[in-house]
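Novice: Structure of the sequence below:
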Amino acid sequence: MTWRADILTIFPAMFPGPLGESLAGKALTEQTWSLCVTDIRDFGLGRHRSVDDTPFGGGAGMVMRPDVVDAAIGAVADERPLIVLTPRGAPLTQKRVRQLAEGPGAILLCGRFEGIDQRVIEARAAEEISIGDYILSGGEIAALVLLDAVIRLLPGVMGAAESAVEESFSTPLLEYPHYTRPAVWAERAVPETLTSGNHRAIAAWRHAAAAQTTKIRRPDLYDQYIASGAPAP
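Specialist: Down below sits the predicted model:
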């Protein structure tokens, strides 16, 4: 069954963008997933197809109108989750990505200006998701990030299913370092264990390296790892 993505945006030309290339692009051509982009301005008001207005209470910037946004949502709404990409949303996690990949698809609403009127978000029971603690010009790039994360988990998109299991955030640990030929480069040699042919020793080295990297770079994840009862490296 094709995984269906609907994008609601005032900049439809931004899609598919990078999702038309590489694995995602091949999967799109093969109809593993589909993409439909709706221009919110098609539901805008007046001669200029206005989609925004000044905020109640004053302040800088403009706010996307609930009536316009609701009309755009209504044109594509179905049983799929409606997701608003916003920095005030819950952090996007690999767990949520996997859940979305296992479903029928998603409707992604891309905000602009100062944001979207809260009433339509609540009325449509939209899920608010953030891709990180920083501000972008709009939700389009965040939507591309979310879609890329989901599409690569769809059946048949990645060549080796085990690749997804060993990646960062698939477990409490970050991924271990990778090496390839040449065995010595710029006077730096590949760790000897990786060229030993001893698969048990290689697995142990990779696990220890992943744990050490996580401890240094993401102590929050490392604490979760230890709290789960896993032994320290």
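
Novice: List the beta-bridge partners for Trp33.
Specialist: Trp3 (DSSP bridges).

Novice: That one touches Met1, doesn't it?
Specialist: No: shown here, Trp33 and Met1 do not form a contact pair, counting by C-beta atoms under 8 Å, at 10.1 Å. Every C-beta, even on glycine, is put in place using the N, C-alpha and C of the backbone.

Novice: What segments of this protein are helices?
Specialist: Using DSSP state H, the helices assigned to the chain run over residues 22-29, 66-74, 94-101, 118-123, 140-151, 161-166, 199-217, 219-227.

Novice: tell me what the last one is packed against?
Specialist: This means helix 219-227. helix 199-217 (3 or more C-beta pairs under 8 Å, 6 or more residues apart in numbering; DSSP states H and E).

Novice: List the buried residues of the helix it packs on.
Specialist: 202, 205-207, 209-215 (16 or more other C-beta atoms under 10 Å).

Novice: try stretch 104-114
Specialist: Neighbour-count burial for stretch 104-114, with 16+ other C-beta under 10 Å as criterion, is recorded at 105-113.

Novice: And that stretch, how far out from the chain middle?
Specialist: Here the centre of stretch 104-114 is set off from its chain's centre by 12 Å, with C-alpha atoms, centre = their mean, to the nearest Å.

Novice: Same question for stretch 6-20.
Specialist: Per C-alpha atoms, centre = their mean, the centroid offset for stretch 6-20 relative to its chain is 14 Å.

Novice: same question, stretch 24-33
Specialist: Put simply, stretch 24-33 sits 17 Å off its chain's centre (C-alpha atoms, centre = their mean).

Novice: any idea of the mean pLDDT for stretch 136-151?
Specialist: Stretch 136-151 shows a mean pLDDT of 98.

Novice: and the nearest residue to Gly156 once chain neighbours are set aside, what is it in contact with?
Specialist: For Gly156, the nearest residue in space outside its immediate sequence neighbours is Thr32; the separation is 6.2 Å by C-beta to C-beta, 6 or more residues apart in numbering. Residues near Thr32 by C-beta atoms under 8 Å, 6 or more residues apart in numbering: 2-3, 151, 154-157.

Novice: of the residues you listed, buried ones?
Specialist: Buried members of the contacts of Thr32, scored by 16+ other C-beta under 10 Å, are 3, 151, 154, 157.

Novice: Please report how far the second one lies from Ser22.
Specialist: Just to be clear, that refers to Ile151. Computed with C-beta to C-beta, to the nearest Å, the distance linking Ile151 and Ser22 is 10 Å.

Novice: go on, the first one?
Specialist: According to C-beta to C-beta, Trp3 stands 17 Å off from Ser22.

Novice: Buried ones in the longest strand belonging to the chain, by neighbour count?
Specialist: Assignment by DSSP state E gives strand 82-91 as the longest strand of the chain. Residues of strand 82-91 classed as buried by neighbour count (16+ other C-beta under 10 Å): 82-87, 89.

Novice: pLDDT and distance to Pro55 for these - can I get that in a markdown table?
Specialist: Compiled in a markdown table, those are given as follows (pLDDT from 0 to 100; distance: C-beta to C-beta, whole Å):
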| residue | pLDDT | distance to Pro55 |
| --- | --- | --- |
| Leu82 | 99 | 23 |
| Ile83 | 98 | 23 |
| Val84 | 98 | 17 |
| Leu85 | 98 | 20 |
| Thr86 | 96 | 15 |
| Pro87 | 94 | 17 |
| Gly89 | 97 | 19 |
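
Novice: Great, nothing more from me.
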